[in-house]
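In: 3D model of this:
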Amino acid sequence: MIMKTRFIPDGKDKLKTLPIHHHQEAEYLYYPITNARCPEGETCVIDGQDVKVGELIGTRRASFFEQPIHATVSGKIVAHEKKYNEYGKLVNFVIVKNDFKYEMHESVYERSDEEIEKLTKEEFIDIVKEMGLVGLGGSAFPTYIKLNTDKEIDVIVANGVECEPHLISDYEVMRNNPGWVIQGLLSRKVRLF
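Out: Numbers count the residues shown, from 1 in each chain. So this is what the prediction gives:
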């Protein structure tokens, strides 16, 4: 039994007073080929290759699932290098030099509301799996596994609690753009089957 709990300062009060800086136009993007949940992985691109937004550039592997890695910019593969990840572990990265054109890969297309409404639960889950969507809570758990249940999903939890020290991005989004959060939760495009 814990007799006394200590308060450990996390610096969030100070962070909440700082201005928001958007870093959307990075010159180089670094894609780790493995992560904490996926200890194995491989790339399917070579140095010098041009890539587009949404193009498959690699796959991470865990014990019971795979996680595709897609380019988030268009540009050129400039290197495959070992670098330290956010956990201090030396891992392989694919490095893309952003051409700032943001050209979409041929596999990326928009679906109409009517097409989305016609999707079966299985088709929807396959799309989520193919896109490599994962939770943003730190463990990067695949979203398709959460959705692949025989139980009815009738509750959505918008968890804005950041348990990591020094992180305030959820707080800032909710404070500065609450409409985005509400719109996302109320959107007719969000289907729970």
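
In: CA only for contacts and neighbour counts going forward, please
Out: Noted.

In: Confirm that Gln67 lies within a helix, as I assumed.
Out: No: assigned with DSSP: H, G, I helix; E, B strand; the rest coil, Gln67 falls outside any helix and is strand.

In: List the beta-bridge partners for it.
Out: Beta bridges link Gln67 to Arg60, judged by DSSP bridges.

In: That one contacts Leu56, doesn't it?
Out: No: contact criterion CA atoms under 8 Å: Gln67 and Leu56 do not qualify, at 10.7 Å.

In: For whichever strand or helix holds Val128, list every residue counted as buried.
Out: Here Val128, judged by DSSP states H and E, is contained in helix 121-131. By 16 or more other CA atoms under 10 Å, the buried positions in helix 121-131 come out as Phe124, Ile125, Val128, Lys129, Met131.

In: now Leu13: how far from Pro165?
Out: Residue 13: Asp, not Leu. 11 Å (CA to CA, to the nearest Å).

In: Find the nearest non-adjacent residue to the spatially most central residue of the chain, please.
Out: Using CA atoms, centre = their mean, the residue of the chain that lies closest to the mean C-alpha position is Val134, 5.5 Å off. Using CA to CA, 6 or more residues apart in numbering and skipping residues adjacent in sequence, the residue nearest Val134 is Pro142, 4.3 Å away.

In: So that neighbour is in contact with Gly132, correct?
Out: Yes: using CA under 8 Å, Pro142 is in contact with Gly132, at 7.1 Å.

In: shared neighbours, those two?
Out: Taking CA atoms under 8 Å, 6 or more residues apart in numbering as the contact criterion, the common neighbours of Pro142 and Gly132 are Gln67.

In: before we move on, back to that, may I ask which two of the buried residues of helix 121-131 are separated the most?
Out: Using CA to CA, the two most remote members of these are Phe124 and Met131, lying 10.8 Å apart.
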